[in-house]
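Asks: Attaching a predicted model along with its sequence, questions to come.
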Amino acid sequence: MIFLGIESSCDETGVAVVHAERGLLAHTLHSQVSMHEEYGGVVPELASRDHIRRILPLTRRVLHEAGVGLADVSAVAYTAGPGLAGALLTGASVAQAIAWALQLPVIPIHHLEGHLLSPRLVEPRPEFPFVALLVSGGHTQLMQVDGVGQYQLLGETLDDAAGEAFDKTAKLMGLGYPGGPALSRLAQHGNEQRLKLPRPKLHSPDLDFSFSGLKTAVLTQRNKARAQLPESEWAAFDADLAAATEAAIVDVLVGKSVKALRTTGLQRLVVAGGVGANRRLREQLAPALKALSAEVFFPPLEFCTDNGAMIAFAAAQRWQAGLVSLATPENYGFSVYPRWDLAQGVAGPAE
Ligand code: KG4
Ligand code: ZN
């Protein structure tokens, strides 16, 4: 069984081919970062247009790299949500069109399900059950994962996502887009001890997060420093501020992940989503979990941020778990779900 997967929910076009038994055969990605950079964030209309330009050439390339032809494909999977409506529609319509032309089944995939199964793409493969820390630009959630399709929400952000906290603080510090990697790079030259930023909800009994207050604290500290310090010291202050911001976000993510493992009694943590690429988070989680004799699994960096491999792979996993039928559909009509809570189920939100 060979699954073609298409991801186009935001600013990355990803296409991949996964073999149900042999795993990932090939994947390709086009990032729109340089296109959106000058606007300081993703411009949805430009994102959709670029996906349209990229999807078919990427599909041709990935099939070639996988050494398979369209005739070998058994099913076509695509990200049906959540994400930008226009961007989602491009991937969905190409997937449906390919499937219709070849009379193949189509498998709509929840973007976050893709992220949370992605650590199972590579060895060592985390066995179920595990706790997943999903940290992306739009989501921050702790989930208990008992199997493919068995997801239970343990806690989530009440306001900004962790990636959003990185992106927004980076933006107000003039670091451009995407903010997470930029802020993290600057933080490497800073001293996080210089400033103490709040760690919202770190000690609350629940497993929820709140990051929206952080940007105000960062802005206040930065404005104060600019009023008090000579200009020659601003750059060093910004590096310290970036380090303090990253430390605050990571402390909360680590603290809540430990709490989730304690609460559930599980011993495996899987980190998924773009913020999973963060170096400090990777460095701090392992020692924090050692005390619980728990293990942490990170997808390789290329599978942390958005990619097609996780979509094709989630489809293969769902098929192996008997959760999707591979019957050829009677019609190829489709919907995309820009807002879609994984806790609502993977069959699509109630409309
Ligand atoms: O999962 P993802 O690629 O897209 C979404 O589904 O949102 O995550 C993107 C997010 C952005 O907020 C980006 O700033 C953040 O992941 N990110 C990072 C790092 N790399 C990406 N945040 C902190 N440190 C990083 N190294
Ligand atoms: Zn994502």
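Replies: On my side now, so go ahead. Just so we're clear, the structure is a prediction, and the values are computed from it rather than from any experiment. Numbers count the residues shown, from 1 in each chain. Ligands and ions are numbered 1, 2, ... in the order given.

Asks: Got phi/psi on the residue in the stretch 251-351 of the chain that ligand 1 sits nearest to?
Replies: Using CB to the nearest ligand atom, the single residue of the stretch 251-351 of the chain nearest to ligand 1 is G274, 2.1 Å away. Where C-beta positions appear, they are placed from N, C-alpha and C, glycine not excepted. Per-residue torsions, G274: phi -50, psi -40 (degrees, to the nearest 10).

Asks: For the residue lying closest to it once chain neighbours are set aside, give its distance to ligand 2.
Replies: Leaving aside its chain neighbours, G274 sits nearest to T305 (4.5 Å; criterion: CB to CB, 6 or more residues apart in numbering). The spacing between T305 and ligand 2, counted by CB to the ion, to the nearest Å, is 7 Å.

Asks: Run a quick neighbour tally on T305.
Replies: 26 (other CB atoms under 10 Å).

Asks: Then the one 4 residues further on?
Replies: Other residues within reach of A309 by the criterion other CB under 10 Å amount to 30.

Asks: where do the strands sit along the stretch 1-150 of the chain?
Replies: 2-7, 12-19, 23-31, 75-81, 106-110, 130-135, 140-147, 150-156 (DSSP state E, counting those that start in this stretch).

Asks: ok so, going back, distance-wise, check the residue nearest to G274 relative to P181.
Replies: 9 Å (CB to CB, to the nearest Å).

Asks: Residues in contact with both of these two, list them for me.
Replies: Common neighbours of T305 and P181, using CB atoms under 8 Å, 6 or more residues apart in numbering, are A277.

Asks: domains of this structure?
Replies: Annotated domains of the chain cover 2-116+304-344, 128-298 [automatic domain parsing].

Asks: With distance to V122 and mean pLDDT as added columns, please give these in TSV.
Replies: Shown next, in TSV, are the domains of the chain (distance: least, CB to CB, whole Å; pLDDT from 0 to 100):
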stretch	distance to V122	mean pLDDT
domain 2-116+304-344	8	95
domain 128-298	9	96
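
Asks: Show me which residues of the chain are close to ligand 1?
Replies: For the chain, the residues in contact with ligand 1 (CB under 6 Å from any ligand atom) are 10, 136-138, 163, 166-167, 178-181, 184, 273-275, 277-278, 305-306.

Asks: which of those residues count as buried?
Replies: In these, burial by neighbour count holds for 10, 136-138, 163, 166-167, 178-181, 184, 273-275, 277-278, 305-306, counting by 16 or more other CB atoms under 10 Å.

Asks: Helices - which of those residues land there?
Replies: G163, F166, D167, G179, G180, P181, S184 (DSSP state H).

Asks: out of those residues, who's nearest V33?
Replies: Set against V33, the nearest of those by CB to CB is P181 (9.4 Å).
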